[in-house]
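Asks: kindly generate the corresponding structure for this input.
(2 chains)
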Amino acid sequence: MEIFGIPTQALFGQLLIGLINGAFYAMLSLGLAVIFGLLNVINFTHGAQYMMGAFCAWFLLEKWGVGYWWSLLLAPLAVGFTGVVIERTMLSRLYKLDHLYGLLLTFGLALIFQGVFTNYYGSSGQPYRLPQEFVGAFNLGFMYLPKYRAWVIVASVFVCASTWFVIERTKLGSYLRAATENPVLVQAFGINVPRMITLTYGFGVALAALAGVMAAPIYQVSPQMGENQIIVVFAVVVIGGMGSILGAIVTGFGLGVVEGLTKVFYPEASNTVVFVIMVIVLLLKPAGLFGKEK
Amino acid sequence: MNTFKRTMIGMAVAAAVSIGTAQAQVSDGVIKIGVLSDMSSLYTDLAGAGSVVAAKMAVEDSGIEKRGYKVEMVSADHQNKADVGSAIASKWYDVDKVDVIVDVPNSGVALAVNQITKDKGKAFLVSGAASSDLTGKACSPNTIHWTYDTWMLANGTGGAIVKTGGDTWFFLTADYAFGLALERDTEAVVLKNGGKVLGKVRAPLNTQDFSSFLLQAQASKAKIIGLANAGGDTTNSIKQAAEFGIVKGGQNLAGLLVFLTDIHALGLPTAQGLIVTNTFYWDQNDQSRAFAKRFSALDKGIYPTMVHAGVYSAVTHYLKAVEALKSDDGTKVVAKMKEMPTDDPLFGKGTIRVDGRKIHPAYLVEVKKPAESKGPWDYYKVRTTIPADQAFRPLADGGCPLVK
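Replies: As a prediction, this is how the structure comes out:
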């Protein structure tokens, strides 16, 4: 059986691949959405922080022999900590100013980080060995699914679901949401709002680093790995609705699939299709698919 | 970032080489070399800052400054964008009095600079770009294509693979001038040798994830998946092909353009057994080894690729021609360069054809197994040497208007 000249079986494979790439988009846009939702900062350093997560895993493995599983924990902690420092020393001074200042600062930082890593490590990137547990693949009949890619989907769904749960369904989450609506009032209830904001930024950055560690075995660990991703991920957040957690997750997976299908039917457009969708969505629903009009 | 880096590199290089007294015969009393390359993206390691280093070494080794000439060097990042590259080239020629542009990886940018150079009567020495159109329908009296081209790669790697039984192909092509030229030239070789092309897919430049394309290649059941791409695109596709079990499934990859730095990035466990065509390998003789050692000390420990070697060799020959002519007029110097035989420690003796093609032998090499390698950068064993007169497209076949 065929759909538009492509055998159904091959199409299943492509859908799955799209979903895997979507998993990365979802994890990255999730962090971006959390940061925008609570800090009102468009974090353009996100791509660089994703790259730093991957590099951190590579350092841990090459220099100290620390394996993949520990890296999943340590790299987000380390990179998240740099995020905390950035928020405390720089970002926190910009909250009273226009969004543009935060954007410029984070964009500048991204260029600096990328430049420094390129200067020391070049552009071709470093190989990161696939953890032994994931060598091999599942034969699904319609395609050959590498074990590691299967793990990426599972882990990403888990991370996205738990982040959504914490923010939308727990008491901590309700504090966070309240603090974005009215920080003064929340502070009056005895909650340390600035500290909460700092930790939120650190958490968003840690999510980027986690995605970086997960990407390390698939892609070359290179200084540019985040550069292309960040633009797409930013589009994902805009399409999903700025600051909407659920929007970021659903759109991330959804656009991964759309991009994957474009790679089959019209590969030349595969890196523009996301932006075409963004234009259409913004024309029809300016606040994004899941965003609330203000 | 790029502007800052560019300025710093430019200043450092200019300071290092601008000793010596002005010579009246050359324009403004100074020979000004512009290295235009990819300084921040996927081709940075195989060309980039290393090309600046190579050009600088060529100036030093030529000793031209001791004979009273003044040489200056500038460099810039074209960001793989033809419009950015064109703007820099125009500014260099018009405002900064640059006499010659070298390197320019990325065929799209190189074709644009090729036209600008011709219009302004300057000189253009291509090392990084691959499209054989530079000496074909786009050939110019102001351009010399030095190191390699898509026809050479297609006939070297493609020809060798078809002859050993790889007769059905699927192309994974970088969707711009270079990839399309490489695909076209390789397809011609495959068909000429009785092979068949079962399909092709064009991936945008600088793609991260190739799995979708690789799945299409897998479904085509072609024996050979031809990678008509370069740099980071090649390493990512080879890596992901291993992940999806393409080679285990009985299909083979043909990396049509793979540089030494790509092999280094992949590591031998992934890259072993690949067959690659090169025109320079550092471990060829004492002179090339000495060059590599000096070069790597100046370029973050990277060993020279054929692009770096090509920049060195091209600048060396350019300076000889300027001295012989006592002028740096672009059109005249390029004509002189074609007239004079070439001779340098990296490529040996060679010639330059009327269509601008530099002629030298090519080497079909195989990537070593991890056990065979003595350490980092010891990656190739030479399988066959393709003699100079067979390595490049015959003069008559290119469609270059300069050939009468």
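
Asks: for stretch B:113-122, which positions count as buried?
Replies: Across stretch B:113-122, burial judged by 16 or more other C-beta atoms under 10 Å in any protein chain shown covers B:V113, B:N114, B:Q115, B:I116, B:T117, B:K118, B:K120, B:K122. In short, each C-beta sits where N, CA and C put it, glycine included.

Asks: what's the answer for stretch B:334-347, then?
Replies: Buried-residue list, stretch B:334-347, by 16+ other C-beta under 10 Å: B:V334, B:A335, B:K336, B:M337, B:K338, B:T342, B:D344, B:P345, B:L346, B:F347.

Asks: chain A next: which of the residues you listed are close?
Replies: When C-beta under 8 Å from any C-beta of the partner chain is applied, no member of the buried residues of stretch B:334-347 is adjacent to chain A.

Asks: just the residues you listed: which are in helices?
Replies: Using DSSP state H, the members of those that fall in helices are B:V334, B:A335, B:K336, B:M337, B:K338.

Asks: mind checking pLDDT for the first one?
Replies: Looking back up the chat, that one is B:V334. Looking at B:V334, its pLDDT is 97.

Asks: wait, it touches B:N142, no?
Replies: Yes. Assessed by C-beta atoms under 8 Å, B:V334 is found in contact with B:N142 at 5.4 Å.

Asks: hang on, the earlier thing: report the two of the buried residues of stretch B:334-347 separated the most.
Replies: Between any two of these, the greatest separation by C-beta to C-beta is 24.9 Å, found for B:A335 and B:P345.

Asks: below-threshold pLDDT in the stretch 101-250 of chain B: ranges please.
Replies: Across the stretch 101-250 of chain B, nothing is flagged by pLDDT under 70.

Asks: how far away is B:F295 from chain A?
Replies: Taking C-beta to the nearest C-beta, to the nearest Å as the measure, B:F295 falls 14 Å from chain A.

Asks: the closest residue to B:S27 other than its chain neighbours in helix, strand or coil?
Replies: Excluding the flanking residues, the one nearest B:S27 by C-beta to C-beta, 6 or more residues apart in numbering or on different chains is B:D328, at 5.6 Å. With DSSP: H, G, I helix; E, B strand; the rest coil as the basis, B:D328 sits in coil.

Asks: doesn't B:S41 make contact with B:A230?
Replies: No. Counting by C-beta under 8 Å, B:A230 does not reach B:S41; the two are 11.7 Å apart.

Asks: these two: which has the busier surroundings?
Replies: When B:A230 and B:S41 are compared for neighbours, B:A230 comes out ahead with 28 against 25, by other C-beta atoms under 10 Å in any protein chain shown.

Asks: before we move on, the earlier item: export the buried residues of stretch B:113-122 as CSV, with columns for distance to B:R353 and secondary structure.
Replies: Listed next are the buried residues of stretch B:113-122 as CSV, based on distance: C-beta to C-beta, whole Å; DSSP: H, G, I helix; E, B strand; the rest coil:
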residue, distance to B:R353, secondary structure
B:V113, 20, helix
B:N114, 16, helix
B:Q115, 20, helix
B:I116, 23, helix
B:T117, 18, helix
B:K118, 17, helix
B:K120, 23, helix
B:K122, 20, coil
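
Asks: I appreciate the help and will end here.
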